[in-house]
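>>> mind looking at a prediction? Sequence and model below.
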Amino acid sequence: MPSTAEKLNPTRVKLTVEIPFADLKPYLDKAYKEIAESVNIPGFRKGKVPAAVIDQRFGRGVVLQQAINEAVPNAYNAAVTEHKIVPMAQPEVEVTKLEDNELVEFTAEVDVRPEVTLPDFAAITATVDNAGDVDALVEERIELLRERFATTTEVERAAAEGDVLTLDLEAKQDGETLPDATADGITYKVGQDQNMLEGLDEAVTGLKAGESATFTSTLVGGQFRGQEAEITVTVQKVSEQKLPEVDDEFAQLISEFDTVEEMKEDLRKGAEQQVRTDQLADARDKVLEAVIEQVEVPLPESVLSRELEARRGEVQRQLASGGLTVADYLANAEDEEAETEEEFWATIDTRSEQALKAQVVLDVYADEHSIDVSQQELTELIFRKAQQNRTSPQDEINHMMEHNHMPEWMQEIRRGKALAAICADAKVTDADGNAVDTSLAVDPIEAADEVTAEEQAEENETDA
(Lines give C-alpha, C1' and ligand atoms only; values in the text may rest on other atoms or scores of the structure.)
Protein backbone atom coordinates (compact mmCIF):
# COMPACT_ATOMS: atom_id res chain seq x y z
CA MET A 1 0.00 0.00 0.00
CA PRO A 2 1.61 3.30 -1.07
CA SER A 3 2.40 5.69 1.79
CA THR A 4 4.36 8.84 2.55
CA ALA A 5 5.63 10.31 5.79
CA GLU A 6 5.88 14.02 6.58
CA LYS A 7 7.72 15.16 9.69
CA LEU A 8 5.62 17.91 11.25
CA ASN A 9 8.14 18.51 14.05
CA PRO A 10 10.83 16.42 15.80
CA THR A 11 8.19 14.39 17.66
CA ARG A 12 5.20 14.30 15.29
CA VAL A 13 4.73 12.65 11.90
CA LYS A 14 1.90 12.70 9.39
CA LEU A 15 1.43 9.51 7.41
CA THR A 16 -0.59 9.50 4.20
CA VAL A 17 -1.63 6.01 3.16
CA GLU A 18 -3.48 4.70 0.11
CA ILE A 19 -5.41 1.43 0.18
CA PRO A 20 -6.16 0.21 -3.35
CA PHE A 21 -9.50 -1.58 -3.65
CA ALA A 22 -7.64 -4.77 -4.51
CA ASP A 23 -6.23 -4.64 -0.98
CA LEU A 24 -9.56 -3.56 0.48
CA LYS A 25 -11.53 -6.41 -1.15
CA PRO A 26 -10.88 -9.04 1.60
CA TYR A 27 -12.21 -6.58 4.18
CA LEU A 28 -15.25 -5.79 1.99
CA ASP A 29 -15.99 -9.50 1.57
CA LYS A 30 -15.75 -9.98 5.32
CA ALA A 31 -18.03 -7.00 5.96
CA TYR A 32 -20.68 -8.32 3.55
CA LYS A 33 -20.48 -11.76 5.17
CA GLU A 34 -20.83 -10.41 8.71
CA ILE A 35 -23.78 -8.21 7.77
CA ALA A 36 -25.47 -11.07 5.90
CA GLU A 37 -25.17 -13.28 8.97
CA SER A 38 -26.60 -10.63 11.29
CA VAL A 39 -29.78 -9.64 9.43
CA ASN A 40 -33.03 -11.33 8.48
CA ILE A 41 -34.36 -10.45 5.03
CA PRO A 42 -37.46 -12.22 3.65
CA GLY A 43 -36.67 -14.52 0.77
CA PHE A 44 -33.06 -15.10 1.74
CA ARG A 45 -31.47 -17.56 4.11
CA LYS A 46 -29.45 -16.07 6.92
CA GLY A 47 -25.89 -15.57 5.77
CA LYS A 48 -26.84 -15.89 2.10
CA VAL A 49 -28.00 -12.34 1.43
CA PRO A 50 -26.38 -11.08 -1.83
CA ALA A 51 -24.15 -8.02 -1.70
CA ALA A 52 -26.46 -6.11 -4.03
CA VAL A 53 -29.37 -6.61 -1.63
CA ILE A 54 -27.29 -5.44 1.32
CA ASP A 55 -26.27 -2.35 -0.63
CA GLN A 56 -29.91 -1.68 -1.45
CA ARG A 57 -31.19 -2.23 2.09
CA PHE A 58 -28.39 -0.68 4.15
CA GLY A 59 -26.36 1.37 1.70
CA ARG A 60 -22.95 0.75 0.20
CA GLY A 61 -21.49 3.33 2.55
CA VAL A 62 -22.20 1.20 5.64
CA VAL A 63 -20.26 -1.70 4.16
CA LEU A 64 -17.38 0.53 3.08
CA GLN A 65 -17.18 2.10 6.53
CA GLN A 66 -16.97 -1.30 8.22
CA ALA A 67 -14.34 -2.53 5.79
CA ILE A 68 -12.26 0.64 6.09
CA ASN A 69 -12.38 0.51 9.89
CA GLU A 70 -10.85 -2.96 9.79
CA ALA A 71 -8.35 -2.22 7.03
CA VAL A 72 -6.91 1.02 8.41
CA PRO A 73 -5.08 -0.44 11.47
CA ASN A 74 -3.17 -2.95 9.34
CA ALA A 75 -2.38 -0.33 6.71
CA TYR A 76 -1.25 2.09 9.43
CA ASN A 77 1.04 -0.52 11.03
CA ALA A 78 2.54 -1.33 7.64
CA ALA A 79 3.29 2.36 7.04
CA VAL A 80 4.84 2.69 10.49
CA THR A 81 7.14 -0.23 9.71
CA GLU A 82 7.96 1.06 6.23
CA HIS A 83 8.98 4.52 7.45
CA LYS A 84 10.73 3.19 10.58
CA ILE A 85 8.96 5.40 13.07
CA VAL A 86 8.21 4.51 16.70
CA PRO A 87 4.81 5.81 17.84
CA MET A 88 4.52 7.02 21.42
CA ALA A 89 0.75 7.51 21.36
CA GLN A 90 -2.37 6.56 19.44
CA PRO A 91 -2.68 8.18 15.99
CA GLU A 92 -5.29 10.70 14.91
CA VAL A 93 -6.77 9.13 11.78
CA GLU A 94 -8.85 10.84 9.09
CA VAL A 95 -10.13 9.34 5.83
CA THR A 96 -9.32 11.99 3.23
CA LYS A 97 -10.34 10.27 -0.01
CA LEU A 98 -12.78 7.52 -0.92
CA GLU A 99 -13.18 6.58 -4.56
CA ASP A 100 -15.41 3.53 -4.75
CA ASN A 101 -13.81 0.62 -6.56
CA GLU A 102 -10.61 2.65 -6.89
CA LEU A 103 -8.90 3.53 -3.59
CA VAL A 104 -9.18 4.78 -0.05
CA GLU A 105 -6.77 7.36 1.33
CA PHE A 106 -6.30 8.28 4.97
CA THR A 107 -3.91 10.35 7.03
CA ALA A 108 -2.60 9.50 10.47
CA GLU A 109 -0.88 12.09 12.64
CA VAL A 110 1.00 10.51 15.52
CA ASP A 111 3.48 11.46 18.22
CA VAL A 112 6.70 9.55 17.63
CA ARG A 113 9.92 8.82 19.40
CA PRO A 114 12.41 11.54 18.51
CA GLU A 115 15.65 10.85 16.72
CA VAL A 116 18.37 10.78 19.36
CA THR A 117 22.13 10.91 18.90
CA LEU A 118 23.70 8.79 21.59
CA PRO A 119 26.95 9.96 23.21
CA ASP A 120 30.21 8.08 23.59
CA PHE A 121 29.35 6.15 26.73
CA ALA A 122 33.01 5.48 27.46
CA ALA A 123 33.36 9.25 27.99
CA ILE A 124 30.53 9.35 30.54
CA THR A 125 31.82 9.94 34.08
CA ALA A 126 30.06 9.83 37.43
CA THR A 127 31.00 9.99 41.11
CA VAL A 128 29.30 7.91 43.77
CA ASP A 129 29.57 7.65 47.54
CA ASN A 130 32.18 5.36 49.03
CA ALA A 131 31.05 1.82 49.72
CA GLY A 132 29.43 1.34 53.10
CA ASP A 133 31.27 0.05 56.20
CA VAL A 134 31.08 -3.75 55.97
CA ASP A 135 32.16 -4.29 59.59
CA ALA A 136 29.48 -1.92 60.87
CA LEU A 137 26.82 -3.61 58.75
CA VAL A 138 27.85 -7.05 60.05
CA GLU A 139 27.57 -5.82 63.64
CA GLU A 140 24.21 -4.25 62.91
CA ARG A 141 22.89 -7.53 61.51
CA ILE A 142 24.21 -9.48 64.48
CA GLU A 143 22.47 -7.08 66.87
CA LEU A 144 19.22 -7.49 64.97
CA LEU A 145 19.55 -11.27 65.29
CA ARG A 146 20.26 -10.95 69.00
CA GLU A 147 17.16 -8.77 69.37
CA ARG A 148 15.08 -11.37 67.56
CA PHE A 149 16.18 -14.17 69.87
CA ALA A 150 16.30 -12.13 73.08
CA THR A 151 14.39 -13.19 76.19
CA THR A 152 12.40 -10.83 78.38
CA THR A 153 11.64 -11.10 82.09
CA GLU A 154 9.10 -8.93 83.85
CA VAL A 155 10.64 -6.85 86.66
CA GLU A 156 9.27 -4.64 89.41
CA ARG A 157 11.88 -1.90 89.19
CA ALA A 158 11.61 1.43 87.33
CA ALA A 159 12.04 1.45 83.56
CA ALA A 160 15.54 2.07 82.20
CA GLU A 161 17.20 2.20 78.80
CA GLY A 162 16.98 -1.13 76.99
CA ASP A 163 13.84 -2.28 78.84
CA VAL A 164 10.78 -3.45 76.93
CA LEU A 165 7.60 -1.78 78.16
CA THR A 166 3.89 -2.30 77.67
CA LEU A 167 2.29 1.14 77.46
CA ASP A 168 -1.06 2.88 77.22
CA LEU A 169 -1.13 6.25 75.46
CA GLU A 170 -3.82 8.92 75.60
CA ALA A 171 -3.64 12.18 73.66
CA LYS A 172 -5.71 15.26 74.47
CA GLN A 173 -6.21 18.73 73.04
CA ASP A 174 -7.94 21.35 75.17
CA GLY A 175 -8.88 18.61 77.60
CA GLU A 176 -10.66 16.52 74.93
CA THR A 177 -9.40 13.00 74.24
CA LEU A 178 -8.35 12.33 70.66
CA PRO A 179 -9.56 8.79 69.87
CA ASP A 180 -7.39 8.58 66.78
CA ALA A 181 -4.28 9.24 68.93
CA THR A 182 -5.06 6.89 71.82
CA ALA A 183 -3.88 3.29 72.11
CA ASP A 184 -3.52 0.51 74.69
CA GLY A 185 -1.00 -2.31 75.04
CA ILE A 186 1.78 -0.83 72.92
CA THR A 187 5.16 -2.60 73.10
CA TYR A 188 8.02 -0.13 73.30
CA LYS A 189 11.76 -0.48 73.88
CA VAL A 190 13.31 2.41 75.80
CA GLY A 191 16.17 4.10 74.00
CA GLN A 192 15.47 2.61 70.60
CA ASP A 193 14.41 5.01 67.84
CA GLN A 194 11.04 3.67 66.72
CA ASN A 195 9.65 6.83 65.12
CA MET A 196 7.47 7.24 68.18
CA LEU A 197 6.56 10.42 69.99
CA GLU A 198 9.34 12.85 70.76
CA GLY A 199 9.84 12.96 74.52
CA LEU A 200 8.44 9.47 75.15
CA ASP A 201 11.80 8.05 76.27
CA GLU A 202 12.25 10.76 78.87
CA ALA A 203 8.67 10.37 80.08
CA VAL A 204 8.79 6.60 80.70
CA THR A 205 12.34 6.38 82.08
CA GLY A 206 12.06 5.97 85.86
CA LEU A 207 8.41 4.87 85.83
CA LYS A 208 7.31 1.58 87.42
CA ALA A 209 4.36 -0.56 86.34
CA GLY A 210 1.14 1.31 87.09
CA GLU A 211 2.73 4.75 87.07
CA SER A 212 1.97 7.53 84.57
CA ALA A 213 3.53 10.70 83.20
CA THR A 214 2.24 13.53 81.05
CA PHE A 215 4.20 15.49 78.43
CA THR A 216 3.59 17.59 75.34
CA SER A 217 4.58 16.30 71.92
CA THR A 218 3.78 16.52 68.23
CA LEU A 219 1.60 13.70 66.92
CA VAL A 220 3.22 11.63 64.16
CA GLY A 221 0.21 9.85 62.65
CA GLY A 222 -3.51 9.87 62.04
CA GLN A 223 -5.76 12.82 61.28
CA PHE A 224 -4.03 15.01 63.89
CA ARG A 225 -0.56 14.35 62.50
CA GLY A 226 1.74 17.32 62.97
CA GLN A 227 -0.39 18.85 65.74
CA GLU A 228 0.69 19.31 69.34
CA ALA A 229 -1.14 17.37 72.03
CA GLU A 230 -0.88 16.57 75.72
CA ILE A 231 0.18 12.93 76.03
CA THR A 232 -0.43 10.77 79.08
CA VAL A 233 1.61 7.56 79.12
CA THR A 234 0.89 4.76 81.58
CA VAL A 235 3.36 1.90 82.06
CA GLN A 236 1.53 -1.40 82.36
CA LYS A 237 4.57 -3.69 82.47
CA VAL A 238 8.36 -3.37 82.63
CA SER A 239 10.42 -6.23 81.21
CA GLU A 240 14.16 -6.62 81.20
CA GLN A 241 15.59 -7.86 77.93
CA LYS A 242 18.51 -10.29 77.87
CA LEU A 243 20.37 -10.63 74.61
CA PRO A 244 22.04 -13.96 73.81
CA GLU A 245 25.82 -14.15 73.79
CA VAL A 246 27.44 -14.24 70.37
CA ASP A 247 29.00 -17.71 70.60
CA ASP A 248 28.86 -21.06 68.85
CA GLU A 249 25.57 -21.92 70.52
CA PHE A 250 24.05 -18.72 69.16
CA ALA A 251 25.42 -19.46 65.69
CA GLN A 252 23.82 -22.89 65.75
CA LEU A 253 20.52 -21.39 66.91
CA ILE A 254 20.13 -18.78 64.19
CA SER A 255 21.97 -20.35 61.24
CA GLU A 256 23.13 -23.58 59.63
CA PHE A 257 26.69 -22.98 60.88
CA ASP A 258 28.38 -24.71 63.80
CA THR A 259 30.72 -21.91 64.84
CA VAL A 260 30.37 -18.18 65.32
CA GLU A 261 33.31 -17.61 62.98
CA GLU A 262 31.50 -19.40 60.14
CA MET A 263 28.34 -17.44 60.87
CA LYS A 264 30.19 -14.12 60.83
CA GLU A 265 31.94 -15.02 57.58
CA ASP A 266 28.58 -15.72 55.96
CA LEU A 267 27.19 -12.44 57.31
CA ARG A 268 30.25 -10.65 55.98
CA LYS A 269 29.70 -12.04 52.49
CA GLY A 270 26.12 -10.83 52.58
CA ALA A 271 27.18 -7.41 53.88
CA GLU A 272 29.84 -7.07 51.20
CA GLN A 273 27.22 -7.90 48.57
CA GLN A 274 24.84 -5.36 50.09
CA VAL A 275 27.28 -2.45 50.12
CA ARG A 276 28.37 -3.40 46.62
CA THR A 277 24.77 -3.49 45.42
CA ASP A 278 24.00 -0.13 47.05
CA GLN A 279 27.02 1.51 45.46
CA LEU A 280 26.26 0.07 42.04
CA ALA A 281 22.63 1.18 42.28
CA ASP A 282 23.97 4.68 42.96
CA ALA A 283 26.29 4.30 39.97
CA ARG A 284 23.39 3.28 37.75
CA ASP A 285 21.40 6.38 38.71
CA LYS A 286 24.36 8.75 38.36
CA VAL A 287 25.40 7.35 34.98
CA LEU A 288 21.87 7.63 33.62
CA GLU A 289 21.63 11.21 34.90
CA ALA A 290 24.93 12.06 33.21
CA VAL A 291 23.74 10.54 29.93
CA ILE A 292 20.46 12.49 29.98
CA GLU A 293 22.41 15.71 30.56
CA GLN A 294 24.40 15.11 27.38
CA VAL A 295 21.57 14.00 25.10
CA GLU A 296 18.92 16.24 23.61
CA VAL A 297 15.61 14.38 23.95
CA PRO A 298 12.59 16.40 22.75
CA LEU A 299 9.38 14.86 24.07
CA PRO A 300 5.90 14.99 22.53
CA GLU A 301 3.93 17.51 24.56
CA SER A 302 0.82 15.34 24.84
CA VAL A 303 2.82 12.27 25.87
CA LEU A 304 4.69 14.23 28.53
CA SER A 305 1.47 15.79 29.79
CA ARG A 306 -0.15 12.37 30.25
CA GLU A 307 2.95 11.09 32.02
CA LEU A 308 3.02 14.01 34.44
CA GLU A 309 -0.68 13.66 35.15
CA ALA A 310 -0.38 9.92 35.80
CA ARG A 311 2.61 10.37 38.09
CA ARG A 312 0.92 13.14 40.07
CA GLY A 313 -2.14 10.95 40.47
CA GLU A 314 -0.03 8.08 41.75
CA VAL A 315 1.72 10.30 44.32
CA GLN A 316 -1.60 11.70 45.52
CA ARG A 317 -2.99 8.18 45.98
CA GLN A 318 0.09 7.11 47.91
CA LEU A 319 -0.21 10.09 50.24
CA ALA A 320 -3.96 9.60 50.66
CA SER A 321 -3.48 5.93 51.56
CA GLY A 322 -1.36 7.10 54.50
CA GLY A 323 -3.86 9.76 55.50
CA LEU A 324 -1.50 12.54 54.43
CA THR A 325 -1.68 15.74 52.46
CA VAL A 326 1.34 17.18 50.69
CA ALA A 327 1.64 19.73 53.51
CA ASP A 328 1.68 16.91 56.09
CA TYR A 329 4.37 15.09 54.15
CA LEU A 330 6.58 18.16 53.79
CA ALA A 331 6.26 18.93 57.50
CA ASN A 332 7.58 15.53 58.52
CA ALA A 333 9.83 14.26 55.71
CA GLU A 334 13.44 14.65 56.79
CA ASP A 335 15.02 13.96 53.39
CA GLU A 336 12.65 16.09 51.29
CA GLU A 337 14.33 19.20 49.89
CA ALA A 338 11.13 20.90 48.71
CA GLU A 339 9.76 23.45 51.17
CA THR A 340 6.46 24.32 49.47
CA GLU A 341 3.79 22.34 47.64
CA GLU A 342 4.72 24.13 44.41
CA GLU A 343 8.35 23.06 44.77
CA PHE A 344 7.27 19.51 45.64
CA TRP A 345 5.15 19.11 42.51
CA ALA A 346 7.82 20.79 40.38
CA THR A 347 10.29 18.17 41.61
CA ILE A 348 7.85 15.35 40.82
CA ASP A 349 7.34 16.75 37.31
CA THR A 350 11.08 17.05 36.71
CA ARG A 351 11.72 13.47 37.82
CA SER A 352 8.88 12.21 35.64
CA GLU A 353 10.21 14.06 32.60
CA GLN A 354 13.73 12.76 33.22
CA ALA A 355 12.40 9.21 33.56
CA LEU A 356 10.58 9.50 30.23
CA LYS A 357 13.72 10.82 28.55
CA ALA A 358 15.69 7.94 30.05
CA GLN A 359 13.24 5.46 28.56
CA VAL A 360 13.68 7.03 25.12
CA VAL A 361 17.48 6.87 25.36
CA LEU A 362 17.44 3.25 26.53
CA ASP A 363 15.00 2.27 23.78
CA VAL A 364 17.20 3.90 21.13
CA TYR A 365 20.27 2.12 22.53
CA ALA A 366 18.43 -1.22 22.56
CA ASP A 367 17.35 -0.76 18.94
CA GLU A 368 20.78 0.33 17.72
CA HIS A 369 22.44 -2.63 19.46
CA SER A 370 19.74 -5.15 18.52
CA ILE A 371 19.15 -6.18 22.13
CA ASP A 372 16.91 -9.24 22.34
CA VAL A 373 14.97 -10.73 25.24
CA SER A 374 14.95 -14.44 25.95
CA GLN A 375 12.14 -16.51 27.38
CA GLN A 376 14.34 -17.21 30.40
CA GLU A 377 14.72 -13.48 31.08
CA LEU A 378 10.95 -12.98 30.91
CA THR A 379 10.51 -15.88 33.32
CA GLU A 380 13.01 -14.34 35.75
CA LEU A 381 11.13 -11.02 35.62
CA ILE A 382 7.85 -12.80 36.34
CA PHE A 383 9.36 -14.56 39.36
CA ARG A 384 10.80 -11.26 40.62
CA LYS A 385 7.46 -9.51 40.28
CA ALA A 386 5.78 -12.38 42.14
CA GLN A 387 8.29 -12.04 44.98
CA GLN A 388 7.85 -8.27 45.18
CA ASN A 389 4.05 -8.43 45.03
CA ARG A 390 3.85 -11.48 47.31
CA THR A 391 1.93 -13.41 44.72
CA SER A 392 2.61 -16.59 42.78
CA PRO A 393 4.35 -16.66 39.38
CA GLN A 394 1.12 -18.03 37.90
CA ASP A 395 -0.78 -15.03 39.28
CA GLU A 396 1.68 -12.71 37.53
CA ILE A 397 1.38 -14.69 34.29
CA ASN A 398 -2.40 -14.47 34.48
CA HIS A 399 -2.17 -10.71 35.10
CA MET A 400 0.25 -10.34 32.18
CA MET A 401 -2.05 -12.20 29.79
CA GLU A 402 -5.23 -10.50 31.02
CA HIS A 403 -3.80 -6.99 30.56
CA ASN A 404 -1.60 -7.80 27.53
CA HIS A 405 1.53 -6.79 29.42
CA MET A 406 3.95 -9.14 27.66
CA PRO A 407 5.24 -6.56 25.11
CA GLU A 408 5.55 -3.99 27.89
CA TRP A 409 7.45 -6.36 30.20
CA MET A 410 9.73 -7.46 27.36
CA GLN A 411 10.49 -3.79 26.76
CA GLU A 412 11.29 -3.36 30.44
CA ILE A 413 13.90 -6.10 30.17
CA ARG A 414 15.39 -4.57 27.02
CA ARG A 415 15.77 -1.28 28.87
CA GLY A 416 17.38 -3.04 31.80
CA LYS A 417 19.89 -4.74 29.51
CA ALA A 418 20.59 -1.44 27.75
CA LEU A 419 21.25 0.25 31.09
CA ALA A 420 23.58 -2.57 32.14
CA ALA A 421 25.59 -2.16 28.96
CA ILE A 422 25.78 1.62 29.28
CA CYS A 423 26.95 1.38 32.89
CA ALA A 424 29.61 -1.14 31.90
CA ASP A 425 31.05 1.39 29.41
CA ALA A 426 30.99 4.42 31.72
CA LYS A 427 33.76 5.51 34.09
CA VAL A 428 32.65 5.73 37.71
CA THR A 429 34.73 6.72 40.73
CA ASP A 430 33.93 6.92 44.42
CA ALA A 431 34.28 9.99 46.63
CA ASP A 432 37.96 9.16 47.22
CA GLY A 433 38.69 8.93 43.50
CA ASN A 434 38.89 5.14 43.38
CA ALA A 435 37.58 3.46 40.25
CA VAL A 436 34.30 1.57 40.69
CA ASP A 437 33.93 -1.53 38.56
CA THR A 438 30.61 -1.11 36.77
CA SER A 439 30.97 -4.09 34.46
CA LEU A 440 28.30 -5.82 36.55
CA ALA A 441 26.69 -2.63 37.78
CA VAL A 442 23.16 -3.62 36.93
CA ASP A 443 21.17 -6.81 37.09
CA PRO A 444 19.13 -6.38 33.88
CA ILE A 445 16.07 -8.04 35.41
CA GLU A 446 16.24 -5.90 38.55
CA ALA A 447 16.73 -2.81 36.42
CA ALA A 448 13.71 -3.80 34.37
CA ASP A 449 11.55 -3.07 37.41
CA GLU A 450 13.33 0.11 38.48
CA VAL A 451 13.96 1.87 35.17
CA THR A 452 10.27 1.87 34.34
CA ALA A 453 8.93 2.77 37.75
CA GLU A 454 7.50 6.05 36.47
CA GLU A 455 5.93 4.28 33.53
CA GLN A 456 3.94 2.04 35.88
CA ALA A 457 1.96 4.98 37.24
CA GLU A 458 -0.57 4.79 34.44
CA GLU A 459 -1.04 1.03 34.93
CA ASN A 460 -1.42 1.45 38.69
CA GLU A 461 -4.06 4.12 38.09
CA THR A 462 -5.98 1.72 35.83
CA ASP A 463 -5.66 -1.25 38.18
CA ALA A 464 -6.74 0.84 41.15
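Arrived safely, thanks for sending. Numbering: from 1, shown residues only.

>>> please, where are all the strands along this protein?
Taking DSSP state E, the strands of the chain run over residues 3-9, 12-20, 92-99, 103-111, 125-128, 151-155, 164-173, 176-177, 183-189, 212-218, 228-242, 427-430, 435-436.

>>> in the longest helix along the chain, what counts as buried?
Determined from DSSP state H, the single longest helix within the chain is helix 260-294. Going by neighbour count (16 or more other CB atoms under 10 Å), the buried part of helix 260-294 is 260, 263-264, 267, 271, 275-276, 279-284, 286-288, 290-292. In this view, the C-beta of every residue, glycine as well, is placed from N, C-alpha and C.

>>> give me the helices and strands touching it, please.
strand 125-128, helix 134-148, helix 248-254, helix 341-368, helix 406-425, strand 427-430, strand 435-436 (3 or more CB pairs under 8 Å, 6 or more residues apart in numbering; DSSP states H and E).

>>> please identify the most buried of those.
Of all the helices and strands packed on helix 260-294, helix 406-425 carries the top mean neighbour count, a mean of 21, counting by mean count of other CB atoms under 10 Å.

>>> quick one: average pLDDT of that one?
If you average the pLDDT over helix 406-425, you get 92.

>>> swap in stretch 432-448?
73.

>>> same thing with stretch 107-122?
Mean predicted lDDT for stretch 107-122 stands at 95.

>>> just the terminal-to-terminal distance for it.
In terms of CA to CA, to the nearest Å, the two terminal residues of stretch 107-122 are separated by 42 Å.

>>> what are the buried residues along that stretch?
Quick answer for stretch 107-122 (16+ other CB under 10 Å): 107-108, 110-114, 116, 121.

>>> again with stretch 376-384
Buried, per 16+ other CB under 10 Å, within stretch 376-384: 377-378, 380-382, 384.

>>> ok, those vs T166, which is closest?
R384 (39.8 Å; CB to CB).

>>> per-residue pLDDT of that closest one, please?
On pLDDT, R384 comes in at 89.

>>> from R276, how far out is it?
Distance, R384 to R276, by CB to CB, to the nearest Å: 19 Å.

>>> from the buried residues of stretch 376-384, pick the one nearest A159.
Nearest member of these to A159, counting by CB to CB, is R384, at 44.4 Å.

>>> can you list contacts of stretch 174-182?
Contact with stretch 174-182 is made by 169-172, 219, 221-224, 229, as judged by CB atoms under 8 Å, 6 or more residues apart in numbering.

>>> any of those buried? List them.
169-171, 219, 221, 224, 229.

>>> of those residues, closest to E314?
Checking these one by one against E314 (CB to CB), the nearest turns out to be G221, at 21.9 Å.

>>> in contact with the closest one, which residues?
Counted by CB under 8 Å, 6+ apart, G221 has contacts 181, 323.

>>> still on that earlier bit, reformat the buried ones among the contacts of stretch 174-182 as JSON lines; add distance to Q236.
Below are the buried ones among the contacts of stretch 174-182 laid out as JSON lines (distance: CB to CB, whole Å):
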{"residue": "L169", "distance to Q236": "11"}
{"residue": "E170", "distance to Q236": "13"}
{"residue": "A171", "distance to Q236": "17"}
{"residue": "L219", "distance to Q236": "21"}
{"residue": "G221", "distance to Q236": "21"}
{"residue": "F224", "distance to Q236": "24"}
{"residue": "A229", "distance to Q236": "21"}
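
>>> JSON lines for these, including pLDDT and distance to D180?
Converted to JSON lines, those look like this (pLDDT from 0 to 100; distance: CB to CB, whole Å):
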{"residue": "L169", "pLDDT": "92", "distance to D180": "12"}
{"residue": "E170", "pLDDT": "92", "distance to D180": "12"}
{"residue": "A171", "pLDDT": "93", "distance to D180": "8"}
{"residue": "L219", "pLDDT": "84", "distance to D180": "9"}
{"residue": "G221", "pLDDT": "70", "distance to D180": "8"}
{"residue": "F224", "pLDDT": "77", "distance to D180": "6"}
{"residue": "A229", "pLDDT": "92", "distance to D180": "11"}
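
>>> show me the shaky parts of the chain.
Scanning the chain for pLDDT under 70 picks out the ranges 193-195, 440-464.

>>> okay, now the domains of it?
3-111, 151-242, 279-463 (automatic domain parsing).

>>> out of the ones you listed, nearest to A126?
domain 279-463 (3.7 Å).

>>> and the nearest residue to K189 once chain neighbours are set aside, what does it touch?
Distances taken as CB to CB, 6 or more residues apart in numbering put V164 closest to K189, at 5.2 Å, once the chain neighbours are dropped. Listed by CB under 8 Å, 6+ apart, the contact set of V164 reads 152, 187-190, 239-241.

>>> and if we set it to 6 Å?
Going by CB atoms under 6 Å, 6 or more residues apart in numbering, V164 touches 152, 189, 239, 241.

>>> what is the nearest of the residues you listed to K208?
Of all the contacts of V164, K208 sits closest to S239, with 12.4 Å by CB to CB.

>>> skipping adjacent residues, who's closest to the closest one in space?
Nearest non-adjacent residue to S239 (CB to CB, 6+ apart): T152, at 4.1 Å.

>>> farthest pair within the buried ones among the contacts of stretch 174-182?
Maximum pairwise distance among these (CB to CB): 14.9 Å, between E170 and G221.

>>> please name the residues that touch the closest residue to Q66 other than its chain neighbours.
Among residues not flanking Q66 along the chain, A31 sits closest, at 4.2 Å (CB to CB, 6+ apart). By CB under 6 Å, 6+ apart, A31 lies in contact with 63, 66-67.

>>> so which of those belong to helices?
Using DSSP H, those in helices are 63, 66-67.

>>> now render those residues as JSON lines, adding distance to E147 and neighbour count.
Formatted as JSON lines, those follow (distance: CB to CB, whole Å; neighbours: other CB atoms under 10 Å):
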{"residue": "V63", "distance to E147": "76", "neighbour count": "20"}
{"residue": "Q66", "distance to E147": "70", "neighbour count": "17"}
{"residue": "A67", "distance to E147": "72", "neighbour count": "22"}
